[in-house]
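Engineer: Sequence first, then the predicted structure, then my questions.
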Amino acid sequence: MLRIATWNVNSLPARLPRVLDWLERAQPDVLCLQETKIADASFPHAELEAVGYDSAACGDGGYNGVAIVSRVGLEDVSRGFTGEPGFPDLEKRAIAATCGGLRVWSIYVPNGRSPDSPAFEYKLAWLEALRLALNEEITGGPIAVCGDFNVAPTDADVWDPAAFIGSTHVTAAERSAVGALLEAGLTDVQPRALKGAPFTYWDYRAGMFHKGEGMRIDLVLLSNTLAASVVDAYIDRDARKGTKPSDHAPVVVDLELPPQPSS
DNA sequence: ATGACTGTTGGTAACAGA
């Protein structure tokens, strides 16, 4: 069994104790992180190593930042991707590595701010460039594209579609961009809903978590053949509780991979 | 409860997040 997970931690320095605790509790083989907000030179490789995980990071502090944490190998790390657009400069939003024979991507899609902003055009361009970059990899072998997509794929992925009219994350253009990724050969793994909803993000404000007003924007996309190996998928809603949580919860996917042919 | 955010920075107010 291979357990992969993705979690937007909203600052790894602020969240490190919770991340270390969560690794101990959830026992993922691979964890993709987003919004690490930490420069590579300061990344807590040693702290992760102490609990049994290798790590590779792509960040420059401040905003953004992604990483992959693995206890089943971490090879052929690549940062960013060919054709990736900037705003205007390149941002730290993508890292990939091979872990336990699986190509894993950790991505942080731009927020978009508002549908009439240049940041929204950047978001769409970034997703289209990602699709082009993934096209070859998707046909090359098993791949998992994990992260904060900042898009709710359907109306069932937001607590109240009426509350999102005119907002980012739900527009036809954004959903079409994610749909193009699926058409390229990826499957959006549907996690078991805990507490009746499939949400992965709840705004910090106005008690939205406690009122169940969330969104599903953190996704695990698996190459279609690999998706047949999913034996379980869930959102760890408990990780959103308590003191100083991230505003996102981890998504966990369990895979029962077919036996590897021996070489 | 007629309310209720959190993180970052040549930083203590402005901004980004979604």
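Structural biologist: Done, it's in.
Engineer: need the contact list for the closest residue to DNA strand B within the stretch 1-150 of chain A.
Structural biologist: When scored by C-beta to the nearest atom of the strand, the stretch 1-150 of chain A has A:S11 as its residue closest to DNA strand B, at 3.3 Å. Just so you know, the C-beta spots here come from the backbone N, C-alpha and C atoms, and that holds for glycine as well. Listed by C-beta atoms under 8 Å, 6 or more residues apart in numbering, the contact partners of A:S11 are A:35-38.
Engineer: Which pLDDT does the model give it?
Structural biologist: Here the pLDDT value assigned to A:S11 is 97.
Engineer: ok, A:G141 to A:S223 distance?
Structural biologist: 8 Å (C-beta to C-beta, to the nearest Å).
Engineer: three-state assignment of the residue positioned nearest the centre of chain A?
Structural biologist: Nearest to the mean C-alpha position of chain A, by C-alpha atoms, centre = their mean, lies A:G147 at 1.1 Å. Three-state call for A:G147 (DSSP: H, G, I helix; E, B strand; the rest coil): strand.
Engineer: That one contacts A:T200, doesn't it?
Structural biologist: No: using C-beta atoms under 8 Å, A:G147 is not in contact with A:T200; the gap is 10.9 Å.
Engineer: quick one: contacts for the residue nearest to A:V72 when sequence neighbours are not counted?
Structural biologist: Among residues not flanking A:V72 along the chain, A:G100 sits closest, at 3.5 Å (C-beta to C-beta, 6 or more residues apart in numbering). Taking C-beta under 8 Å, 6+ apart, we find A:G100 in contact with A:2, A:29-30, A:70, A:72-73.
Engineer: do the same with A:Y204
Structural biologist: A:Y204 neighbours (C-beta under 8 Å, 6+ apart): A:D247.
Engineer: Let me know the pLDDT of it.
Structural biologist: pLDDT for A:Y204: 96.
Engineer: interface residues of chain A facing DNA strand B?
Structural biologist: A:8, A:10-11, A:13-14, A:35, A:37, A:61-63, A:110-111, A:113, A:119, A:148, A:150, A:168-169, A:201, A:203-207, A:210-211, A:215, A:217, A:244, A:247-248 (C-beta under 7 Å from any atom of the strand).
Engineer: Number of residues surrounding the residue in the stretch 151-263 of chain A that DNA strand B sits nearest to?
Structural biologist: Proximity of the stretch 151-263 of chain A to DNA strand B (C-beta to the nearest atom of the strand) peaks at A:G207, 3.0 Å away. Residues near A:G207, counting by other C-beta atoms under 10 Å, number 10.
Engineer: so what's it up against?
Structural biologist: A:G207 neighbours (C-beta under 8 Å, 6+ apart): none.
Engineer: That'll do, ta.
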